[in-house]
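In: Please find the sequence and the predicted model below.
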Amino acid sequence: KQQAKATEYDFPAWFFGRHGDPLFPRSCGYSLGYALVKRYLKRTSSTAAKSATMPASEIIDPWLKGDLAA
C-alpha cells in the first residue's frame, strides 16, 4: 500500500516479477489490480464497462482506507 500513489516504480518487478524476491512474485501487479477491481465491482454492483473510464483513485483511495477489505 505504501507504493500505491508512487509516480515512479519498478515496472518490470511489479508486472514480471523479480527473481528470488518474495515481495515481487511473477505478475504481482496484474494480480493485485485484478483483485482490487473485482472487489470494487462487487461492492458497488458496477460493471467493468461502466467503470473503464473512471480514475484509478476511485478504487485505490477506498482500498487505502480499508473500505475494500476482503
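Out: Everything's here; your move. Numbers count the residues shown, from 1 in each chain.

In: shaky segments in this structure?
Out: Scanning the chain for pLDDT under 70 picks out 70.

In: and the residue of it most remote from its centre, what element?
Out: Within the chain, the residue lying farthest from the chain centre (C-alpha atoms, centre = their mean) is residue 20, at 22.1 Å. With elements taken from DSSP states H and E, nothing contains residue 20; it lies in neither a helix nor a strand.

In: Can we start the residue count at 47 from this point?
Out: New numbering, starting at 47: the last item is residue 66.

In: and it, how far is that from residue 87?
Out: Distance from residue 66 to residue 87, counting by C-beta to C-beta, to the nearest Å: 34 Å. For glycine as for every other residue, the C-beta is placed from the backbone atoms N, C-alpha and C.

In: And the longest helix seen in the chain, how far out from the chain middle?
Out: Ranked by residue count and defined by DSSP state H, the top helix of the chain is helix 74-90. Distance of helix 74-90 from the chain centroid (C-alpha atoms, centre = their mean, to the nearest Å) equals 6 Å.

In: Please report how far the residue farthest from the centre of the chain lies from residue 59.
Out: With distances taken as C-beta to C-beta, residue 66 is found 12 Å from residue 59.

In: give the contact list for residue 83.
Out: 94, 97, 105 (C-beta atoms under 8 Å, 6 or more residues apart in numbering).

In: For the first one, list the residues it contacts.
Out: To tie it back to what came earlier, the one meant is residue 94. Applying C-beta under 8 Å, 6+ apart to residue 94 gives the contacts 83, 87.

In: Report the secondary structure state of residue 104.
Out: At residue 104 the chain is in helix, as set by DSSP: H, G, I helix; E, B strand; the rest coil.

In: mind listing what it touches?
Out: Residues in contact with residue 104 (C-beta under 8 Å, 6+ apart) are residue 86.

In: roughly how far apart are it and residue 49?
Out: Separation of residue 104 from residue 49 (C-beta to C-beta): 18 Å.

In: what's the burial count for residue 86?
Out: By the criterion of other C-beta atoms under 10 Å, residue 86 has 19 neighbours.
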